[in-house]
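S.K.: the following block contains a protein sequence and its predicted model.
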Amino acid sequence: MPTADRPDRPSRPDATSRTLVLGGARSGKSAHAEELAQTLAGSGPVRYVATSHRDPADHDWEQRVAQHRDRRPDSWLTVETAHRLDLAEQLRSPTDAAATLVDDLGTWLTVELDGAAAWESPRGTITDRTDELVAAVRDYRGALVLVTPEVGLGIIPETRSGRLFRDEIGALNARLAQVCDRVLLVVAGLTVTLKDVPAQHSCGAVVSTRTRGQA
């Protein structure tokens, strides 16, 4: 049964731990994932993989990006995948980081749909890209935290593109939940554990189930 009253219990920093963190807008999912990644890394470095396009003309979006950047420690290594780097390839590449945080899969999916000009195409047009990502997560060895939006709890989007995004991210989240060791849902700043394989084994540091009310 999902529970909100026990702490998140990541496995030892040197063990494989793949965690999927879901949540709605301003739920606190990113802040919680950042705290979790730092805990998993211990005293080691964190690789932060940013997936969104940067658009200087979009001041609201740039402000959101700046807020995320200002929260991160200066010691973290930031890698941006939107313009020239493949996310699955990044996850397959060797890294000296003690933990990797990907934020987030919603913007990754948007970039992929843009790149394939697939907003008016049938569902499943970018299945080969999602297949590659799921395989890279499944095969990942080390501490990995993935942030993703949960958008399927509200009204049905009015536009076709909105419905396409909702369906594609929902299907991707379900597939990733199957291959991740831990799945967390952040709602109103509180974390609910949906799946926790490492909790059946010896565990390391404790992370609070309360977030700081940030996106």
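M.R.: Thanks, I have the structure now.

S.K.: rest of the way, CA atoms for contacts and neighbours
M.R.: Fine.

S.K.: let me see the confidence value for Thr16.
M.R.: For Thr16, the model assigns a pLDDT of 87.

S.K.: all helices of this structure, in order?
M.R.: With helices called from DSSP state H, the chain shows them at 29-41, 59-71, 87-92, 105-115, 127-138, 160-179.

S.K.: any idea which of those is most buried?
M.R.: helix 29-41 (a mean of 24; mean count of other C-alpha atoms under 10 Å).

S.K.: centre of the chain to it, how far?
M.R.: Computed by C-alpha atoms, centre = their mean, to the nearest Å, the chain-centroid distance of helix 29-41 equals 11 Å.

S.K.: what of stretch 83-93?
M.R.: In terms of C-alpha atoms, centre = their mean, the centre of stretch 83-93 is found 14 Å from the chain centre.

S.K.: related to what we said a few turns ago, reformat the helices of the chain as TSV; add mean pLDDT.
M.R.: Formatted as TSV, the helices of the chain follow (pLDDT from 0 to 100):
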stretch	mean pLDDT
helix 29-41	95
helix 59-71	70
helix 87-92	95
helix 105-115	94
helix 127-138	97
helix 160-179	96
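
S.K.: among these, which comes closest to Leu194?
M.R.: helix 160-179 (9.4 Å; C-alpha to C-alpha).

S.K.: what's next to the closest one, contact-wise?
M.R.: 20, 105-106, 109-110, 119-120, 123-124, 130, 134, 137-138, 148-152, 156-157, 183 (C-alpha atoms under 8 Å, 6 or more residues apart in numbering).

S.K.: that one versus helix 127-138: what angle between them?
M.R.: 30 degrees (axes from the mean of the first three to the mean of the last three C-alpha atoms, to 10 degrees).

S.K.: need the contact list for the residue most central in space within the chain.
M.R.: Nearest to the mean C-alpha position of the chain, by C-alpha atoms, centre = their mean, lies Val147 at 1.8 Å. Contacts for Val147 (C-alpha under 8 Å, 6+ apart) come out as 20-22, 29-30, 33, 101-105.

S.K.: again, only using 7 Å
M.R.: Contacts for Val147 (C-alpha atoms under 7 Å, 6 or more residues apart in numbering) come out as 20-22, 29-30, 33, 102-105.

S.K.: would you confirm that Lys195 contacts Arg182?
M.R.: Yes. Judged on C-alpha atoms under 7 Å, Lys195 makes contact with Arg182 at a distance of 5.0 Å.

S.K.: out of the two, which sits in the busier spot?
M.R.: Arg182 (24 against 20; other C-alpha atoms under 10 Å).
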